[in-house]
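Peer 1: Sequence plus the predicted model coming up.
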Amino acid sequence: MEKVSTNRSHGGEQGVYRHRSTETGTEMTFSVFVPDHAPGTKLPVLWYLSGLTCTHANATEKGEYRAACAEHGIIFLAPDTSPRGADVPDAEGWDFGQGAGFYVDATQAPWAANFRMRSYIESELPELIAAEFPIDSERQGITGHSMGGHGALTISLRNPGRFRSTSAFAPIVSPLACSWGEKALGGYLGPDRAAWREYDACALIENGARLPDLLVDQGGADGFLEEQLKTDLLRAACDRAGQTATIRMQAGYDHSYYFISTFMAEHVAWHAERLTG
Ligand SMILES: N[C@@H](CCC(=O)N[C@@H](CSC=O)C(=O)NCC(=O)O)C(=O)O
């Protein structure tokens, strides 16, 4: 693992790191904020999965999580959203290909060789960060935005007991039911929609997966709400399944990091209640 940069911030160290991924076959970059802590102490970690078009940098520069993470003693990890590079397949448009990995393991050519973001996030990166940072792997939380909210929900639902806390900002709640999801899952996984269900939070809940509880914030003025995000589908799936969830519609907020950063400290505090008790 190579250190790209470190900066002192909010009583901790904000770092950016690069490593060679065996899953994606590419260099991958991620950021980690480590609050000051006593020598030998291990801290809980909050994973933040980003949305379409993002790298690690969007949340790192605009997420405004550091003060809250320093206050609560939580490490904040922001991975990239896909493999990248001249040798990696890409597509026209910003909602598929590089920057749009959708947290799946692709099965279709030409994507299958590199687009293994599910295994990267579920297996490879956890091992790397546990070896390199003072992380207590028994105390992990996960959150994310939009495509990354979809990633946070589905990864947590598929890995019961792994994350003590799960939240999301404006998540895509059902890729089966929106054009972003149909394009991405169709492209990465092929036309058999049954194979998509393990990447659909509503379908996973319908099939019996559960979380201890869940916090979701959604902007009421988000231009993607009606066509892509469809928060009501998650509310209905949780109601039908008896899944405890706090799903808040925040009037006037859009899809941007102005929205995310407004509620970031509340999400960090919510995770801290479940990770540091
Ligand atoms: N590039 C598009 C806008 C794309 C966009 O809004 N991306 C969101 C995530 S959308 C779902 O996953 C995002 O987080 N963008 C990065 C940011 O820093 O805001 C366009 O130009 O319209």
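Peer 2: Yep, that arrived.
Peer 1: Might you report the residue contacts of Arg248?
Peer 2: In this structure, Arg248 makes contact with 215-218, judged by C-beta atoms under 8 Å, 6 or more residues apart in numbering. Where C-beta positions appear, they are placed from N, C-alpha and C, glycine not excepted.
Peer 1: and with 10 Å instead?
Peer 2: The neighbours of Arg248, taking C-beta atoms under 10 Å, 6 or more residues apart in numbering as the test, are 215-218, 220, 231, 263, 266.
Peer 1: Filter those down to just the buried residues.
Peer 2: Using 16 or more other C-beta atoms under 10 Å as the burial test, the contacts of Arg248 include 215-218, 231, 263 as buried.
Peer 1: Among those, pick out the one closest to Asn58, please.
Peer 2: Set against Asn58, the nearest of the buried ones among the contacts of Arg248 by C-beta to C-beta is Phe263 (15.8 Å).
Peer 1: so which strand or helix has the closest one?
Peer 2: When secondary structure is defined using DSSP states H and E, the element that contains Phe263 is helix 257-275.
Peer 1: Point out the residues in the protein that sit beside the ligand.
Peer 2: Contacts of the chain with the ligand, taken as C-beta under 6 Å from any ligand atom, map to 51-54, 58, 62, 94, 145-147, 255-257.
Peer 1: would you turn these into a markdown table with pLDDT and distance to Ala241?
Peer 2: Listed next are these as a markdown table, based on pLDDT from 0 to 100; distance: C-beta to C-beta, whole Å:
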| residue | pLDDT | distance to Ala241 |
| --- | --- | --- |
| Gly51 | 98 | 26 |
| Leu52 | 98 | 28 |
| Thr53 | 98 | 32 |
| Cys54 | 98 | 30 |
| Asn58 | 98 | 32 |
| Lys62 | 98 | 34 |
| Trp94 | 98 | 33 |
| His145 | 99 | 24 |
| Ser146 | 98 | 23 |
| Met147 | 98 | 23 |
| His255 | 98 | 27 |
| Ser256 | 98 | 31 |
| Tyr257 | 98 | 31 |
